[in-house]
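**Student:** Here's my sequence, what's the structure:
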Amino acid sequence: DVQLVESGGGLVQAGGSLRLSCAASGLIFGDYSIGWFRQAPGKEREGVSCISSSDGSAYYANSVKGRFTISRDNAKNTVYLQMNSLKPEDAAVYYCAADRACVAQPAYWGQGTQVTVSS
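**Tutor:** Predicted structure coming up:
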């Protein structure tokens, strides 16, 4: 079975940083693109970032461009999301998800990790 496990969430002050990790198992990691999504209470889920399997290209939502960096370590089957200059509006449950390409509705999802940003 495919498993995606997020970690690294927590409480941080506005302007601070967090690094989220997504550890994958049960799939050929190098064949999958990994995306990060987030959902805040009362809001729709939104795509935050994605890193492709083919060439490692990274994509970002406009709201996080320049502040977040996605990376992958294929040897560790792990994708990271470095989040800097956090804002209160970044607070949400963050999910990683996997599919053959960077898509809006990936096939496999993790359970999520909470990010809280205090102002």
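**Student:** Show me the strands in this structure, by range?
**Tutor:** Applying DSSP state E to the chain gives strands spanning 3-7, 10-13, 18-25, 33-39, 46-51, 58-60, 68-73, 78-83, 92-99, 108-109, 113-118.
**Student:** Same list (these) but as JSON lines, adding mean pLDDT and mean neighbour count.
**Tutor:** C-betas here are computed from N, CA, C, even on glycine. Below are the strands of the chain laid out as JSON lines (pLDDT from 0 to 100; neighbours: other Cβ atoms under 10 Å):
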{"stretch": "strand 3-7", "mean pLDDT": "98", "mean neighbour count": "17"}
{"stretch": "strand 10-13", "mean pLDDT": "98", "mean neighbour count": "13"}
{"stretch": "strand 18-25", "mean pLDDT": "98", "mean neighbour count": "19"}
{"stretch": "strand 33-39", "mean pLDDT": "98", "mean neighbour count": "23"}
{"stretch": "strand 46-51", "mean pLDDT": "98", "mean neighbour count": "21"}
{"stretch": "strand 58-60", "mean pLDDT": "98", "mean neighbour count": "15"}
{"stretch": "strand 68-73", "mean pLDDT": "97", "mean neighbour count": "18"}
{"stretch": "strand 78-83", "mean pLDDT": "98", "mean neighbour count": "22"}
{"stretch": "strand 92-99", "mean pLDDT": "98", "mean neighbour count": "23"}
{"stretch": "strand 108-109", "mean pLDDT": "98", "mean neighbour count": "17"}
{"stretch": "strand 113-118", "mean pLDDT": "98", "mean neighbour count": "16"}
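**Student:** which non-adjacent residue is nearest the residue nearest the centre of the chain?
**Tutor:** The structure's the chain has its C-alpha centroid closest to W36; by Cα atoms, centre = their mean the separation is 2.7 Å. Excluding the flanking residues, the one nearest W36 by Cβ to Cβ, 6 or more residues apart in numbering is V48, at 4.4 Å.
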